[in-house]
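Enquirer: Structure for this input, please:
(one chain, ligands or ions: 1)
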Amino acid sequence: MSNEAVKEPFIQFLGAAGTVTGSRFLISANGTKVLIDCGMFQGLKELRLKNWEPFPVNPEEIDAIVVTHAHLDHSGYLPRLVKLGFQGAIHLTQYTAALAEVILRDSARIQGEDAAYAAKKKFSRHNPPLALYDEANVEQTLDQFVTHSFHKRIQVATETFVTFHPSGHILGASFLEIEFFGKRILFTGDMGRTDHPLLVAPDSIPAGHFDAIITESTYGDREHTPASSNFEDVINQTVARGGSVLIPAFAVDRTEVILVRLRESMEAGRIPRVPIYADSPMALKALDYYRQAIDEHSAEIRENIARDWQGRDPFDPGTLVELFTPEQSKTINEPTNPCIIISASGMGTGGRVVHHLHSMLPNPKHTVIMVGYQAIGTRGRALVDGAEQVKMHGELVDVKAQIESVQSFSVHADSDGLIAWMTSGSEAPSQVFVVHGEEGAADTFADRIKSQLGWKAHVPFMGERASI
Ligand SMILES: [Zn+2]
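Expert: Residues are numbered from 1 along each chain as shown. Just a heads-up that it's a prediction; the model follows:
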């Protein structure tokens with residue numbers, strides 16, 4: 001595929017096709033190649049193994065990378081591509097760069113630990129076991145970051161112009177307006193909701209005609225249930241029986257949204273003022289960036305938040321305890337007095353939350369509240385699906401605790417939200433590619449676009465190449 005000299009612009013779907021992770025889309029024309037997002041595959045083993053496959057295009061031939069937001073499934077493969085020879089600029093917004101640094105350093109650390117563990121247990125297919133990348137690759141990746149403001153049109157390669165628009169998903173997150181060899185393309189990245197408590201609502205689609213929209217479809221087949229009192233009821237019931245609440249949460253953004261909600265509920269007297277433990281070093285670093293963005297009055301922070309909370313902390317009702325070290329974390333492994341623990345990872349696949357699950361799941365007085373998307377194959381999904389036992393640290397653990405799932409914290413638009421955003425432009429696009437959804441969600445959403453809007457919509461397969 002080298003020496004590509006096809007003049008007509010085309011797109012290749014190198015990930016997040018028929019699945020929610022590994023976002024990687026290559027746009028090419030006349031020898032110019034630009035990669036949109038560079039995410040890691042996560043979840044099932046067959047997906048994770050894809051991270052080890054050779055990259056379909058020589059990384060040295062890619063002119064630039066543009067990243068929509070910091071989540072690992074959109075940025076996690078960057079250091080690998082740099083390790084494989086990508087030397088160009090990586091374009092992103094200020095806070096995507098800040099949060100990606102936190103996330104990529106953590107990712108390198110986890111991979112190093114996993115490789116060391118595999119070496120000890122001798123189960124790696126590599127001999128000796130390898131990590132996809134290490135700290136040094138992350139350092140090099142950070143050196144290639146070039147940050148930009150929202151709403152500024154920048155050139156990233158020959159006949160390639162990019163404008164970042166706030167997408168309301170996490171701090172720094174954007175959808176991309178791209179002009180590429182005369183074609184106009186929109187990449188949603190992950191589309192947020194209009195009611196994020198801290199972030200401004202997603203921009204409308206810019207005026208004029210688009211040749212293609214590449215849209216996510218994580219929740220393309222469903223609607224979020226309206227924010228209910230359910231969350232507070234569950235906390236009250238648990239505290240009343242002397243139990244504690246564990247909330248596995250993605251370190252970036254979900255933790256912030258939950259903390260704001262807990263502060264509001266405590267201040268309004270709807271839940272008791274029990275200690276809240278934020279137990280994830282990565283979440284605490286991200287939390288500081290949110291505080292910084294609020295203090296800076298950043299453009300993506302809601303006006304009322306920046307105004308009312310400047311110099312104060314919207315995340316702390318007075319009972320917030322930040323746990324930085326593993327020793328601090330261990331002190332709350334078996335909570336005797338009611339408390340609320342927020343810990344990563346959000347799907348219970350790794351991190352400190354696994355220790356809390358291990359100690360809390362067998363006790364019926366505790367509650368675990370799942371608040372995010374739970375991918376197939378994860379412990380979180382098993383719990384939501386009603387598993388009576390889950391495997392942790394090599395042993396089966398009984399699930400006796402109350403398990404609840406609360407959707408109102410989702411930072412993804414649902415099907416209605418995506419349709420509302422897609423119709424916010426002035427003209428129908430020529431075509432829509434539906435990506436970043438499990439098969440059912442993507443197909444259902446594509447069907448809805450076709451039947452309800454009468455637009456051309458298609459769910460590309462992994463590796464598919466389509467002209468724009
Ligand atoms: Zn995301």
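
Enquirer: Show the end-to-end separation of stretch 22-40, please.
Expert: With C-alpha to C-alpha, to the nearest Å as the measure, the ends of stretch 22-40 fall 5 Å from one another.

Enquirer: quick one: the nearest residue to Ala387 once chain neighbours are set aside from Arg352, how far?
Expert: Distances taken as C-beta to C-beta, 6 or more residues apart in numbering place Val399 nearest to Ala387, at 6.0 Å, with adjacent residues excluded. (Glycine included, C-beta is placed from N, CA and C.) Between Val399 and Arg352 the distance, using C-beta to C-beta, to the nearest Å, works out to 19 Å.

Enquirer: So which of the two has more stuff around it?
Expert: Higher neighbour count among Val399 and Arg352: Arg352, with 24 against 19, using other C-beta atoms under 10 Å.

Enquirer: Tell me the secondary structure of the residue nearest to Ala70 when sequence neighbours are not counted, please.
Expert: Sequence neighbours aside, Leu99 is the residue nearest to Ala70 in space, at 3.7 Å (criterion: C-beta to C-beta, 6+ apart). At Leu99 the chain is in helix, as set by DSSP: H, G, I helix; E, B strand; the rest coil.

Enquirer: so what's Leu99 up against?
Expert: By C-beta atoms under 8 Å, 6 or more residues apart in numbering, the residues touching Leu99 are 69-70, 170-172, 252, 286, 289.

Enquirer: ok, 6 Å please
Expert: 70, 172, 252, 286 (C-beta atoms under 6 Å, 6 or more residues apart in numbering).

Enquirer: Verify the contact between the residue nearest to Ala387 and Asn363 for me.
Expert: No. In terms of C-beta atoms under 6 Å, Val399 does not count as a neighbour of Asn363; the distance is 10.4 Å.

Enquirer: what residues do these two have in common as contacts?
Expert: Joint contacts of Val399 and Asn363 (C-beta under 6 Å, 6+ apart) do not exist.

Enquirer: quick one: the residue nearest the centre of the chain from Leu418, how far?
Expert: Residue closest to the mean C-alpha point of the chain, counted by C-alpha atoms, centre = their mean, is His71 at 3.9 Å. Using C-beta to C-beta, His71 is found at 18 Å from Leu418.

Enquirer: And Val234, by the same measure?
Expert: For Val234, the distance to Leu418 - C-beta to C-beta - is 28 Å.

Enquirer: rewinding a little: now the residue nearest to the centre of the chain: phi and psi?
Expert: phi -50, psi 150 (degrees, to the nearest 10).

Enquirer: May I have the residues that are in contact with it?
Expert: Counted by C-beta under 6 Å, 6+ apart, His71 has zero contacts.

Enquirer: ok, now with 8 Å
Expert: 39, 103, 170, 190, 250, 252.

Enquirer: What about the ion: which of these touch it?
Expert: Residues of the contacts of His71 in contact with the ion (C-beta under 5 Å from the ion): Asp190.

Enquirer: so which of the contacts of His71 is the most crowded?
Expert: Val252 (30 neighbours).

Enquirer: any idea how far it is from Ser405?
Expert: Val252 sits 20 Å away from Ser405, going by C-beta to C-beta.

Enquirer: Could you check how far the residue nearest to the centre of the chain is from Pro317?
Expert: On the measure of C-beta to C-beta, His71 and Pro317 end up 27 Å apart.
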